[in-house]
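1. 3D, please:
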Amino acid sequence: MKSTTWIMTATLCSALALGACSSARIGGFGSSPVRSANAAPVMTPDPVEAVPSGPITSSPLPPIDGQPLPPPEGAPGTMMPGGTDVAGLPPAAAPAPAPAAPASRTSMVGGWTARDASGGTCRVQLSSTPALDLYRASTSGCSNQDLARINAWDYRDGEVYLYQTGGSVAARLRGSSGSLSGVLAKSGAPLSLGR
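-> Next comes the predicted model:
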């Protein structure tokens, strides 16, 4: 019974597929469709003749009702021929400081100098190279064994996680793309990273 059902299902699917593939066109894309003898002729619109236009002139628009008239040319506060509003320029102001770049995983990539609680420093390199579901990290010159074993990192929920071989968290840090501060996971001792 199962084989009969399967054969009927396969036959029905084949028939549907062949029906979907059939087309009223001969040839490929872009060829004209086959027309039956009863088909209505294709109507093409009559060509439209271009209408010539007159010369274009310009003049100032009249003021909007209730609005004051513009000052005459050359009056203070008007545009000079070079396009500069001499009397209307505000005094020069100091440029606003650029906003700090928001912290993200890509802003954390690069070399950092780590400083532990004892005052010792070493280099920590955070790479953009994936390592399973984390990213590769390496250290050099670290006397602190927790820092020396760091081999991976990640950025989640505004925090940088440094991982040791075996997958345990070595440190968690928060901050910006220029400086991070946090603690070592095992000892709770403070740790900071700076560019």
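2. what element comes up after the strand ranked longest in the chain heading to the C-terminus?
-> Across the chain, the strand with the greatest residue count (assigned by DSSP state E) is strand 121-131. Along the chain past strand 121-131, the next helix or strand (assigned with DSSP states H and E) turns out to be strand 134-140.
3. Give me the residues contacting that following strand.
-> Identification of contacts with strand 134-140 by C-beta atoms under 8 Å, 6 or more residues apart in numbering yields 105, 109, 114, 122-130, 147-148, 150-154, 162-163. To be clear about C-beta, it is placed using only N, CA and C from the backbone, and glycine gets the same treatment.
4. quick one on the thing from earlier: list the contacts of the longest strand of the chain.
-> The contact list for strand 121-131 (C-beta under 8 Å, 6+ apart) reads 106, 108-115, 135-144, 147-148, 150-153, 160, 162, 193.
5. If we use 7 Å, what do you get?
-> For strand 121-131, contacts defined as C-beta atoms under 7 Å, 6 or more residues apart in numbering pick out 108-115, 135-142, 147, 150, 152-153, 193.
6. ok, now stretch 149-161?
-> Applying C-beta under 7 Å, 6+ apart, the external contacts of stretch 149-161 come out as 103, 105, 108, 124, 126, 131, 134-139, 162-165, 169-170, 172-174, 180.
7. Now, of those, which are buried?
-> Neighbour-count burial (16 or more other C-beta atoms under 10 Å) is assigned, among these, to 103, 108, 124, 126, 134-135, 137, 139, 162-164, 170, 172-173, 180.
8. Can you say which two of these are spatially most distant?
-> Using C-beta to C-beta, the pair of those lying farthest apart is A103 and Q164, separated by 23.1 Å.
9. which residues does the residue lying closest to A171 once chain neighbours are set aside contact?
-> Residue nearest to A171 in three dimensions, not counting chain neighbours: L162, with 4.4 Å by C-beta to C-beta, 6 or more residues apart in numbering. With contact set as C-beta under 7 Å, 6+ apart, L162 has these partners: 137, 150, 153, 170-171.
10. Quick check: of those residues, which lies closest to T44?
-> Distance from T44 was checked for each of those by C-beta to C-beta. The minimum falls on W153, at 67.8 Å.
11. Now the closest one: phi and psi?
-> Listed backbone geometry of W153 is phi -150, psi 170, with angles given as degrees, to the nearest 10.
12. partner residues bridging the residue lying closest to it once chain neighbours are set aside?
-> Counting by C-beta to C-beta, 6+ apart, the nearest residue to W153 once its immediate chain neighbours are dropped is A137, at 4.3 Å. For A137, the beta-bridge partners are L126 (DSSP bridges).
13. So the residue nearest to A171, which state does it fall into?
-> Assigned by DSSP: H, G, I helix; E, B strand; the rest coil, the conformation of L162 is strand.
14. what pairs with it across the strands?
-> Where L162 sits in a bridge, its partners, by DSSP bridges, are W153, A171.
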